[in-house]
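Enquirer: below are the sequence and a predicted model; questions follow.
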Amino acid sequence: MSPRPVRTLPLLFIPLLPSLGCAAAQREWTAHKDPSGFTVNVPSGWKVRPDASTGKIEIAGLGGERVVIWPVFIPSVLDARSASALLRRMASMLAPGVSWAMPQAMAATAIRLPGREPGRSTTAAIVWSASPKGCAAFVYLLAAPEAAYRRSEESFARILASFAVTGSASPSRGSRLRYVRWTDPRENAFSLEAPEGWMVQGGLFRFASVDVRGAWEVVSPDGEIRISGGDPEVPYFTEPTPMLAMTGFAEGSWYSPGYGVRLLVRRYLPGAVFAREYVQMRAPRFCTELVVTANRELPEAVAAINQVHAQFAGAGVSLRLSAGEAAFRCRNQGRAIRGYYFAGTQRTQMAGMPGGIWNAEYLAGFIAVEDKLELAREVFDHILRSIELNPQWLAMQQNLTAATSRIVSRTHAEISRIIDDSYWRRQATMDELSRRRSNVILGVEDVIDPVTGRELKVESGSNYYWIDHRGTILGTETHVQPGIDFREMIRLP
């Protein structure tokens, strides 16, 4: 079933629609259906140029008319004041030479910004809608020669009325991978989905009848992405107590309560501390110059996972769960490496008993070369959401119901969502802010060569940037091609 088009006509342009006159009605129009995921009707001869890097859509008319439609997401709440400031900033990026008037509120979630420059009239607008994670918004820019602006309004209104988001027809990078299910070869205890052709190893490691540790590792064919979950080298721990100390079991020693179980005596570590320590232990196996770039607790993960596991709370048993994350960078043979690990440590204590037993109940992450970071994240997310326990094995091992498998699967899906919504969403925002701040300080801006896809930094101060086949870069104030060999480059916001 094809996606249903989503109309995005802003409220502030709706009053223009009834005034469509003969000029707009008699002109020939064509429907542009773009593979990047939208449709729009434009007058014949007008050019539609979507920018895949920013999501911005530029529409250019034969008489100097210009329409920009730019969907954006703001991970915070917008009100009239903040929306006006955002609109002014983005409008200045889209049309640097325009002198902007005061913003005008057209509706509760719509702001209009009139502008003017010599010989041209311009209008910018923003319309937004709140969601639990922020605000989805559309920024619009309409411009035309001053003498023709009034006549152009009819075409502008019809263009905006026809614009609809349909969803991308092209597969994403992750969707091109074919996933196959891999099953634990040791005891058939669990299974997961991994990309076809990638190496998968691991399984259930049994150290005693009640000490079993599931672990897996998925490695890309070129070895540049390593994704893992669990670790057979990480044991169960018991907290130090005066009783253990009196009998010679100090912190760092091994203690056996019987049944073949061995516990390492060690004080409890919260999730964030454990994640950092694990990264410092594991990453040096694959790279050098390790730097932990982020490390924090995830209290929201604790709440979500405890809610899933609430049915296991038994009388006289106290469970304490702490979750955290650690991101890092390092180098391998001169190549930049990035990585991330999530850890959830769970402490169990019987009522009236000193100390407690704890373990890394949840442990998963990846290491990847920097230019394959996005692919690593996509595969990591898919693997976590695909993990299933074998109900027959569970019934044999712990006499639990088959529903436990669904609970574990839901838990891993919840962890995946938390990871995506916490570090990576925040990191993308911080990286973008850092890039823009650096550009302002250095007096440069980022552009993309549309032919090669190469991103370049150029000296700021021009309205348009061009490059020829020799790599010569020129900046111009007007949209006039400086030579037949030159092509226009795309400016990043």
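Expert: Structure received.
Enquirer: contact partners for residue 281?
Expert: Residues near residue 281 by Cβ atoms under 8 Å, 6 or more residues apart in numbering: none. For glycine as for every other residue, the C-beta is placed from the backbone atoms N, C-alpha and C.
Enquirer: my reading is that it lies in a strand. Confirm?
Expert: No - going by DSSP: H, G, I helix; E, B strand; the rest coil, the assignment for residue 281 is helix, not a strand.
Enquirer: pull out the buried positions in stretch 189-205.
Expert: Neighbour-count burial for stretch 189-205, counted by 16 or more other Cβ atoms under 10 Å, picks out 189-195, 198, 200, 202-205.
Enquirer: and the residue nearest to residue 241 when sequence neighbours are not counted, backbone torsions?
Expert: Distances taken as Cβ to Cβ, 6 or more residues apart in numbering put residue 355 closest to residue 241, at 4.1 Å, once the chain neighbours are dropped. Dihedral pair for residue 355: phi 70, psi -170, per degrees, to the nearest 10.
Enquirer: next: residue 381.
Expert: Residue torsions, per degrees, to the nearest 10, at residue 381 are phi -60, psi -40.
Enquirer: just the pLDDT for it.
Expert: pLDDT, residue 381: 89.
Enquirer: how much space between it and residue 142?
Expert: As for residue 381, its distance to residue 142 is 39 Å (criterion: Cβ to Cβ, to the nearest Å).
Enquirer: ok, these two, which is more surrounded?
Expert: residue 142 (25 against 17; other Cβ atoms under 10 Å).
Enquirer: who are the neighbours in contact with the more buried one?
Expert: Residue 142 touches 66-68, 122-124, 152-153, 156, counting by Cβ under 8 Å, 6+ apart.
Enquirer: of the residues you listed, which belong to strands?
Expert: Judged by DSSP state E, the subset of the contacts of residue 142 located in strands is 66-68, 122-124.
Enquirer: closest to residue 338 among these?
Expert: residue 68 (33.7 Å; Cβ to Cβ).
Enquirer: ok, and the closest non-adjacent residue to that closest one?
Expert: Here the residue nearest residue 68, using Cβ to Cβ, 6+ apart, is residue 141, at 3.8 Å.
Enquirer: bridged to the one you found, which residues?
Expert: Taking DSSP bridges as the rule, residue 141 bridges to residue 68, residue 124.
Enquirer: okay, and the spatially closest residue to residue 299 that is not a sequence neighbour sits in which element?
Expert: Spatial nearest neighbour of residue 299, chain neighbours left out: residue 323 (7.8 Å); criterion: Cβ to Cβ, 6+ apart. Using DSSP states H and E, residue 323 maps to strand 317-332.
Enquirer: what residues of that strand count as buried?
Expert: Of the residues in strand 317-332, 319, 321-330 count as buried by neighbour count, 16+ other Cβ under 10 Å.
Enquirer: partners of it in the sheet?
Expert: Strand 317-332 sits in its sheet next to strand 288-297 (antiparallel), strand 335-350 (antiparallel), going by DSSP bridges.
Enquirer: pick the most buried one from these.
Expert: Mean neighbours per residue, mean count of other Cβ atoms under 10 Å, is largest over those for strand 335-350, with a mean of 21.
Enquirer: what's the mean pLDDT across it?
Expert: Computed over strand 335-350, the average pLDDT equals 90.
Enquirer: ok, stretch 225-243 next?
Expert: 92.
Enquirer: one more: stretch 193-205?
Expert: For stretch 193-205, mean pLDDT rounds to 94.
Enquirer: for that stretch, the distance to its chain's centre please.
Expert: Taking the mean of its C-alpha atoms, stretch 193-205 sits 25 Å from the chain's own mean (Cα atoms, centre = their mean, to the nearest Å).
Enquirer: distance between the ends of that stretch?
Expert: Length of stretch 193-205, first residue to last, Cα to Cα, to the nearest Å: 20 Å.
Enquirer: residues contacting the residue nearest to residue 241?
Expert: Per Cβ under 8 Å, 6+ apart, neighbours of residue 355: 238-241, 244, 349.
Enquirer: how near is it to residue 244?
Expert: Computed as Cβ to Cβ, the residue 355 to residue 244 distance reads 7 Å.
Enquirer: now swap in residue 179 and tell me
Expert: Computed as Cβ to Cβ, the residue 179 to residue 244 distance reads 46 Å.
Enquirer: which one of the two is surrounded by more residues?
Expert: When residue 179 is set against residue 244 and neighbours are counted by other Cβ under 10 Å, the residue ahead is residue 244, at 19 against 16.
Enquirer: so which bits of stretch 230-250 are buried?
Expert: 230-231, 234-240, 244, 249.
Enquirer: which ones among the contacts of residue 355 map onto strands?
Expert: Judged by DSSP E, the contacts of residue 355 include 238, 349 as members of strands.
Enquirer: which one of the buried residues of stretch 230-250 is nearest residue 273?
Expert: Nearest to residue 273, judged by Cβ to Cβ, of the buried residues of stretch 230-250 is residue 237 at 12.9 Å.
Enquirer: I figured that closest one was touching residue 262, is that so?
Expert: No - at 10.6 Å, residue 237 does not count as touching residue 262 under the criterion of Cβ atoms under 8 Å.
Enquirer: other SSEs contacting whichever helix or strand residue 158 is part of?
Expert: Element membership of residue 158 [criterion: DSSP H and E] is helix 149-162. Helix 149-162 sits against helix 22-26, strand 38-43, strand 66-74, strand 134-145, with contacts defined as 3 or more Cβ pairs under 8 Å, 6 or more residues apart in numbering; DSSP states H and E.
Enquirer: run the last query once more with 6 Å
Expert: helix 22-26, strand 38-43 (3 or more Cβ pairs under 6 Å, 6 or more residues apart in numbering; DSSP states H and E).
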